[in-house]
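Chemist: got a structure for you, letters missing:
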Ligand SMILES: [Zn+2]
């Protein structure tokens, strides 16, 4: 039985290797994270999105967008930058760590690790985003991408991010969001993975954000501006970098699938009145 499983594992690995090679060889597209020219981005996600995942480094659309934006916004880290990256994705984390001016702490909550007392090197700090273990005014930049939809008390998490940001710092926030829903759909009575998938689009999501997500950020400590990819980059660049960012809203709405351009929320603390 074990040998059978090993054989299946190796076969799957072999298929993935060949698949990655097929997608890698070429120069139609470019991944700004691993700086590779590639033939095509691979499909990935649930439901799968075309032109999603880099066959070389594994980055997805939102990681590439965040990197392009951060690089420009922070002038390629020409000065020292303190970053908190919550629930990090390696392609972006690795790229940020290449910069000598970046002081970055990666953070996540992992209840299994905490309760078992095990160490895990995948993040620097295990910290609940609703009760961050950092002093006020610590970071120049917080990256919080596709995290809040998993957090029961997301309002508290937003307020915590505002607290630990420096007065002139930025939080870059992304969530799966529906443009069909005016009001965010959440229900603490929906707890099973199956019911959460139906109601919120994934087994571990606790809500489906709607158009009012902006307000939730504003109400909990931020001045907010939003950006979609076409607001910022031309179509040639969007295509070449595989940035056709669409956020899958859940499909149980009457209107069916509501794909849309994913938004980047650029948040500045609004509640820091220093004398
Ligand atoms: Zn890549």
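Modeler: In hand now; what should we look at? The model shown is predicted, which means the values in this text are computed figures rather than measured ones.

Chemist: and the closest residue to the ion within the stretch 151-275 of the chain, backbone torsions?
Modeler: Among the residues of the stretch 151-275 of the chain, residue 242 lies nearest to the ion; the distance is 9.1 Å by Cβ to the ion. Just so you know, the C-beta spots here come from the backbone N, C-alpha and C atoms, and that holds for glycine as well. Backbone torsions for residue 242, taken as degrees, to the nearest 10, come to phi 60, psi 50.

Chemist: tell me the contacts of it?
Modeler: Applying Cβ atoms under 8 Å, 6 or more residues apart in numbering, we find residue 242 in contact with 29, 31, 41, 51-52, 54, 61, 64.

Chemist: contacts only, for residue 123.
Modeler: Residue 123 is in contact with 88, 106-108, 110, counting by Cβ under 8 Å, 6+ apart.

Chemist: could you list the low-confidence segments of the stretch 1-150 of the chain?
Modeler: 1-21, 23-24, 26, 110-121 (pLDDT under 70).

Chemist: where do the strands sit along it?
Modeler: Using DSSP state E, counting those that start in this stretch, the strands of the stretch 1-150 of the chain run over 29-31, 36-38, 42-44, 49-53, 81-86, 102-108, 125-126, 139-145.

Chemist: which residue is the nearest non-sequential neighbour of residue 265?
Modeler: Using Cβ to Cβ, 6 or more residues apart in numbering and skipping residues adjacent in sequence, the residue nearest residue 265 is residue 173, 4.2 Å away.

Chemist: hmm, residue 216 and the one you found touching each other?
Modeler: No. Between residue 173 and residue 216 there is no contact under Cβ atoms under 8 Å: 10.0 Å.

Chemist: neighbour count for these two, which is higher?
Modeler: When residue 173 and residue 216 are compared for neighbours, residue 173 comes out ahead with 25 against 19, by other Cβ atoms under 10 Å.

Chemist: for the more buried one, name its beta-bridge partners.
Modeler: In this entry, residue 173 is beta-bridged to residue 144, residue 265, by DSSP bridges.

Chemist: just to revisit the earlier point, going by distance to residue 81, which of the contacts of residue 123 wins?
Modeler: Relative to residue 81, the closest of these is residue 106; by Cβ to Cβ it sits at 14.4 Å.

Chemist: thought residue 159 was touching residue 220?
Modeler: Yes. At 4.6 Å, residue 159 counts as touching residue 220 under the criterion of Cβ under 8 Å.

Chemist: looking at the two, which one has more neighbours?
Modeler: residue 220 (19 against 16).
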